[in-house]
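Enquirer: Here's a sequence, model it:
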Amino acid sequence: MFRKDILDNAIRVVSEVVPASHSVSIGVWVMAGSRDESYEKNGTSHFIEHMFFKGTERRTAKDIAIEVDSIGGELNAFTSREETTFYARSLDEHLPVALDLLSDIFLHSVFDPQEIEKEKRIILEEIKMVEDTPDDYIHDLYYKTAWEDNPLGQPVLGRREIIESLKRDDLIEYINGSYYPENIVISGTGNLNQDEFLRLLNKTFGKLNRGKGHSRNTRPRFIGKVSGKRKKLESVHLCLGVEGLKHTDEDRYGLLILNSILGSSVSSRLFQEIREKRGLAYSIYSYAISYRDTGMLTAYAATDRTKVNEVISLILSEFENLRGKVPGNGEITKAKEQIKGNFILSLESTINKMTLIARQEIYFNRNFTPEEIIHNIDSVTSDQVQRLAQNLFRKDIALTTLGPISLKGIPVPTNIC
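Expert: Down below sits the predicted model:
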């Protein structure tokens, strides 16, 4: 049973009981991420996420780790471009302990200056690790190409010189400006008593008293251009894509199907044409990602330096094919069944269900049942998918490369019309 409540201080709470489960998952979603940071403070959201686990007024970092392990639970967090999320998962019988740990790190972390300096070294190593992983690093470079100087193009981890310069006052100032009740959603799923869950939340998170902070950024402009970073690698990694759709766009279900047909599975057009038929790439896929006011539809590939232009041409050809011809009923049906299957299977995890209801509240301010979502997927037609392809693939295209090549000689796909 789904339910929505409001805590005494206006924090929104969404919860759903899963009686057959033996676990509970709780998430605290702060609607502030790397796109909400200034250029001079890029990386602050992620740094704060780390610091919440480094000691509170009544627990050391080691105490937190020991107590989580003592109940066989999980306490973790992640930062994205639009949210910072802290979550706990445990057996249902340990809900009070899990919630106490989660509220303690969120409300009572001390941000010790010595721990801050220590954590800087860890985050700098994390940045190095991403830069040493080209199939990760290419996406940060691509975001910078597509969104240019808008905060949406900033790396979530931040930049070295900024991480090194951050002080305790910077972190506290950012928390005071972003971690206020109206900017927080708490979600809970699993075998929980919703009345008891709400009572425990009001005793902890409901005591947060912080005024509304800064306003959010304006809509960014997607930039169609080509950029590249030379690096000594065995392969060339590339991202090529167009501006997509925001979370709430009415065509969002059509986009799921379009992306599935294009490249999100091993039976997709890109995988079959570029990898299976021609053997030009080991890794080739597409992804659609949405934000509160924009999005992107992107193809990624890793290929030999001598095959880069051919791979780019083939990707652009698939864009053009989707624009020019209505997908067949068989292809549409396969894509729908794949999406529905992945969606339903994901709901067997309380973590995934907790994430789903939180994101629905954040972006739609309502809950969609699985039946509604399945119906919306089934309602998409072949003609709708083609019209969406015609709209998206006539926009400017961004291309980013990473590897042992220069941009000289690479076709500039500013527009395929």
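
Enquirer: how about the helices in the stretch 101-250 of the chain?
Expert: Per DSSP state H, counting those that start in this stretch, the stretch 101-250 of the chain carries helices over the ranges 113-131, 134-147, 160-165, 168-178, 194-203.

Enquirer: most neighbours per residue, which of those?
Expert: Stretch with highest mean neighbour count among those: helix 134-147 (a mean of 21; mean count of other Cβ atoms under 10 Å). All C-beta spots, glycine's among them, are computed from the backbone N, C-alpha and C.

Enquirer: follow-up on the earlier one: of all the helices of the stretch 101-250 of the chain, which one is nearest Arg230?
Expert: The closest of the helices of the stretch 101-250 of the chain to Arg230 is helix 134-147. By Cβ to Cβ, the value is 11.6 Å.

Enquirer: Next, the angle from that closest one to helix 113-131.
Expert: 90 degrees (axes from the mean of the first three to the mean of the last three Cα atoms, to 10 degrees).

Enquirer: residues contacting Leu258?
Expert: By Cβ atoms under 8 Å, 6 or more residues apart in numbering, the residues touching Leu258 are Ala288, Leu297, Leu322, Val385, Leu388, Ala389, Leu392.

Enquirer: Look up how far Leu402 lies from the fourth one.
Expert: To tie it back to what came earlier, the one meant is Val385. 31 Å (Cβ to Cβ, to the nearest Å).

Enquirer: just to revisit the earlier point, now render the contacts of Leu258 as JSON lines, adding neighbour count, pLDDT and secondary structure.
Expert: Formatted as JSON lines, the contacts of Leu258 follow (neighbours: other Cβ atoms under 10 Å; pLDDT from 0 to 100; DSSP: H, G, I helix; E, B strand; the rest coil):
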{"residue": "Ala288", "neighbour count": "21", "pLDDT": "98", "secondary structure": "strand"}
{"residue": "Leu297", "neighbour count": "25", "pLDDT": "98", "secondary structure": "strand"}
{"residue": "Leu322", "neighbour count": "21", "pLDDT": "97", "secondary structure": "helix"}
{"residue": "Val385", "neighbour count": "25", "pLDDT": "98", "secondary structure": "helix"}
{"residue": "Leu388", "neighbour count": "24", "pLDDT": "98", "secondary structure": "helix"}
{"residue": "Ala389", "neighbour count": "26", "pLDDT": "97", "secondary structure": "helix"}
{"residue": "Leu392", "neighbour count": "23", "pLDDT": "97", "secondary structure": "helix"}
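
Enquirer: before we move on, back to that, Lys4 is nearest to which of the helices of the stretch 101-250 of the chain?
Expert: So among the helices of the stretch 101-250 of the chain, helix 194-203 is nearest, using Cβ to Cβ, at 10.3 Å.

Enquirer: what sits up against that closest one?
Expert: With Cβ under 8 Å, 6+ apart as the contact definition, helix 194-203 has outside contacts at 1, 3, 5, 7-8, 11, 13, 15, 17, 95-96, 99, 186, 188.

Enquirer: Which ones among these lie within helices?
Expert: Under the assignment DSSP state H, these contribute Leu95, Pro96, Leu99 to helices.

Enquirer: Let me know which of the helices of the stretch 101-250 of the chain is the nearest to Val326.
Expert: helix 134-147 (28.4 Å).

Enquirer: Is His50 in a helix, a strand, or coil?
Expert: Assigned with DSSP: H, G, I helix; E, B strand; the rest coil, His50 falls in the helix class.

Enquirer: who's in contact with it?
Expert: Contacts of His50 by Cβ under 8 Å, 6+ apart are Glu119, Ile122, Ile123.

Enquirer: Pipe these into TSV and attach distance to Ala302 and pLDDT per row.
Expert: Shown next, in TSV, are the contacts of His50 (distance: Cβ to Cβ, whole Å; pLDDT from 0 to 100):
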residue	distance to Ala302	pLDDT
Glu119	32	97
Ile122	28	98
Ile123	27	98
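
Enquirer: Kindly reformat these as TSV and extend each row with distance to Glu273.
Expert: Shown next, in TSV, are the contacts of His50 (distance: Cβ to Cβ, whole Å):
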residue	distance to Glu273
Glu119	45
Ile122	42
Ile123	40
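
Enquirer: Let me know the closest of the contacts of Leu258 to Tyr143.
Expert: Leu297 (13.7 Å).

Enquirer: Got phi/psi on Gly27?
Expert: When read as degrees, to the nearest 10, the backbone of Gly27 gives phi -130, psi 140.

Enquirer: Can you give me the neighbour number for the residue nearest to it when sequence neighbours are not counted?
Expert: Nearest non-adjacent residue to Gly27, counting by Cβ to Cβ, 6 or more residues apart in numbering: Tyr87, 4.2 Å away. A count of nearby residues for Tyr87, using other Cβ atoms under 10 Å, gives 22.

Enquirer: wait, isn't Tyr87 in contact with Ile351?
Expert: Yes. Between Tyr87 and Ile351 there is a contact at 7.2 Å, judged by Cβ atoms under 8 Å.

Enquirer: intersection of neighbour lists for those two?
Expert: With Cβ under 8 Å, 6+ apart as the test, Tyr87 and Ile351 both reach Ser25.

Enquirer: State the mean pLDDT of stretch 72-85.
Expert: What stretch 72-85 shows for mean pLDDT is 97.
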